[in-house]
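Novice: Here is the input, now give the coordinates:
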Amino acid sequence: MAAIEGGGTLSEVYQSSRKLLLRARDGIERLERLESSVSVGGGLDSPELSFAVKKDISQIHSLCADMDRLWRSIAAKSQRDLWKRKVEQMAEEADSLKDSLDKYSMRNQKRMLEAKERAELLGRANGESAHVLKIFDEEAQAMQSVRNSSRMLQESFATGTAILSKYAEQRERLKRAQRKALDVLNTVGLSNSVLRLIERRNRVDRWIKYVGMFLTVIILYFFWKWTR
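Specialist: Predicted structure coming up:
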């Protein structure tokens, strides 16, 4: 097995880096739990723990560089490929932990800056509280006025919409009434035409009846004369 100067084979260096990786991962988890307690209960930060995790990650990267030189000197290709994957995986995990630590550091710095700004704001508020309250009150009144105006506009819009809807309904009713009136007028006009036609037919039927009666009487008269 290949070894580096100062002692330690590739396997031993890998085991050392694994221990450092587990310790760094545990440190990251402790920092995140501490961050949660800071957000919820106002706990304290731990810069010593952050520094220790950062130191472990740096040592892992250094060991990965040593292991990268060691696996290249292995003669067997299968063993060389195996250790290559192990070293690359170790480096990737170390990079992931470094990213997590950097994100935690950025959040911690932001939290400290916000706490400092809040403290400064509270310090200024000791002498300017009345002025700040007045500004808040004026802003609240302005917002209430805007909300009242918005509500009035919405009510006016709703009223206008309702009126237009009523006008539209009345217009539809008037259109239906107009169509019914036209239908009635058309029906009345048709009924008058039918009545006039019936009257004409009745007059014609009466004339036919009278003429028929007259002809019947004449025929009977001539028949009577002929039989005598």
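
Novice: Please count neighbours and contacts with C-alpha atoms only from this point.
Specialist: Fine.

Novice: Which secondary structure element of this structure has the lowest mean pLDDT?
Specialist: Each helix and strand of the chain was given a mean pLDDT (mean pLDDT, DSSP states H and E); the minimum falls on helix 77-227 at a mean of 77.

Novice: Provide a list of residues in contact with I57.
Specialist: L20, L21, A24, A94, L97, K98 (CA atoms under 8 Å, 6 or more residues apart in numbering).

Novice: Hmm, the fourth one is touching L63, no?
Specialist: The reference is to A94. No. A94 lies out of contact with L63 (CA atoms under 8 Å); the separation is 10.8 Å.

Novice: out of the two, which sits in the more crowded spot?
Specialist: Legend: neighbour count by other CA atoms under 10 Å for A94 and L63, higher for A94 (24 against 21).

Novice: For T159, see how far away that one is.
Specialist: Per CA to CA, to the nearest Å, A94 is found 67 Å from T159.

Novice: Ok, I218 next?
Specialist: From I218 over to T159 the distance is 88 Å, taken as CA to CA.

Novice: Equivalent analysis for F214, please.
Specialist: Taking CA to CA, one finds F214 at 82 Å from T159.

Novice: Check D81 too.
Specialist: Using CA to CA, D81 is found at 79 Å from T159.

Novice: Likewise for E120?
Specialist: 51 Å.

Novice: Next: I74.
Specialist: 87 Å.

Novice: Among the two, which residue is more densely surrounded?
Specialist: I74 (16 against 12).

Novice: Now do the same for that one: helix, strand or coil?
Specialist: When classified by DSSP: H, G, I helix; E, B strand; the rest coil, I74 comes out as coil.

Novice: I'd like to know how far it sits from D137.
Specialist: Look at I74 and D137: by CA to CA, they are 76 Å apart.

Novice: now swap in H61 and tell me
Specialist: From H61 over to D137 the distance is 57 Å, taken as CA to CA.

Novice: Comparing these two, which shows the higher neighbour count?
Specialist: Set side by side, H61 and D137 show more neighbours around H61, with 17 against 12, by other CA under 10 Å.

Novice: That one contacts A94, doesn't it?
Specialist: Yes. In this structure, H61 is within contact of A94 by CA under 8 Å, at 7.0 Å.

Novice: List the contacts of stretch 81-88.
Specialist: Applying CA under 8 Å, 6+ apart, the contact partners of stretch 81-88 are Y14, C64, M67, D68, W71.

Novice: just stretch 95-109 next, same as before
Specialist: The contact list for stretch 95-109 (CA under 8 Å, 6+ apart) reads A24, R25, I28, L31, E32, S50, V53, K54, I57.

Novice: Tell me which residues of it come out buried.
Specialist: Buried residues in stretch 95-109, counting neighbours by 16 or more other CA atoms under 10 Å, are found at D95, L97, K98, S100, L101, Y104, N108.

Novice: Same check on stretch 22-31?
Specialist: So stretch 22-31, judged by 16+ other CA under 10 Å, has buried residues R23, A24, R25, G27, I28, L31.
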